[in-house]
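Asker: my questions are about this predicted structure, shown below with the sequence.
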Amino acid sequence: MEEPTAQPPAILAGDAEREHSTQLLSRAVVEGRLTLEEFSDRVERAQAARTRDELATLTRDLPAAPATSPVPATGTSTDLAQAQERHVAFCSRLVRSGPWELAARSEFRSFFGTITLDLSQARLARAEVELQIYNLFGTVTIIVPESVDVSVSGGGMFASQVVQPHTAPPVAGGPKLRIVARGPGGTLYVRTKSTSG
């Protein structure tokens, strides 16, 4: 009776290999291969991976990154102008959720309205995108997956902002969302899926 052949031991993954996997995942978001929620889930698993095999399963369905082309982060002002989108909620409700592409620069205006943007299944036009929010006595809620680097700036007279922190720090080199808020009297909520209940 033959004894089963012993499997070679799993090779432990190093920090550089985890970072390389994260870069592949970041590129996949920009290329439209992964949603922000899928990116967040895979990055979390990559950071916790102990072996090379565990890392390989996270990027197996993605193409290898070209050696010479970095992830595009910004473009020329002409590119940004062409990629900009505008949306308005005037005394009404606007909801964006499910699979959709977030342009490099988007502007959402709420005039006594309600806007809800769920970015869980969104795909990004670039590695760094900007959301401009003009909020006149309205309510704007933005739901962002974990691992996405979010910054909020601006504001307005009598306006309020409720930004709930992520439970984990953003991933270095991961997607970035810049939110620029303005307008009087509005309320802006920025939260993760887990806290949006």
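Answerer: Right, received. Where do you want to start?
Asker: surely residue 96 meets residue 120?
Answerer: No - using CB atoms under 8 Å, residue 96 and residue 120 do not qualify as a contacting pair, with a distance of 10.9 Å. Heads up, the C-betas are built off the backbone N, CA and C, glycines and all.
Asker: what ranges do the strands span in this structure?
Answerer: Counting by DSSP state E, the chain has strands at residues 84-90, 93-96, 100-102, 105-111, 114-118, 122-124, 128-136, 139-143, 149-155, 160-163, 176-182, 187-191.
Asker: pull out the buried positions in the third one.
Answerer: Neighbour-count burial for strand 100-102 flags residue 102 (criterion: 16 or more other CB atoms under 10 Å).
Asker: sorry, back to before: of all the strands of the chain, which lies closest to residue 55?
Answerer: Nearest to residue 55 among the strands of the chain is strand 149-155; the distance by CB to CB comes to 21.7 Å.
Asker: how does the protein divide up, domain by domain?
Answerer: Following automatic domain parsing, the chain resolves into domains at 15-59, 78-196.
Asker: these into CSV, with extra columns for distance to residue 9 and mean pLDDT?
Answerer: As requested, those are exported to CSV (distance: least, CB to CB, whole Å; pLDDT from 0 to 100):
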stretch, distance to residue 9, mean pLDDT
domain 15-59, 9, 88
domain 78-196, 29, 88
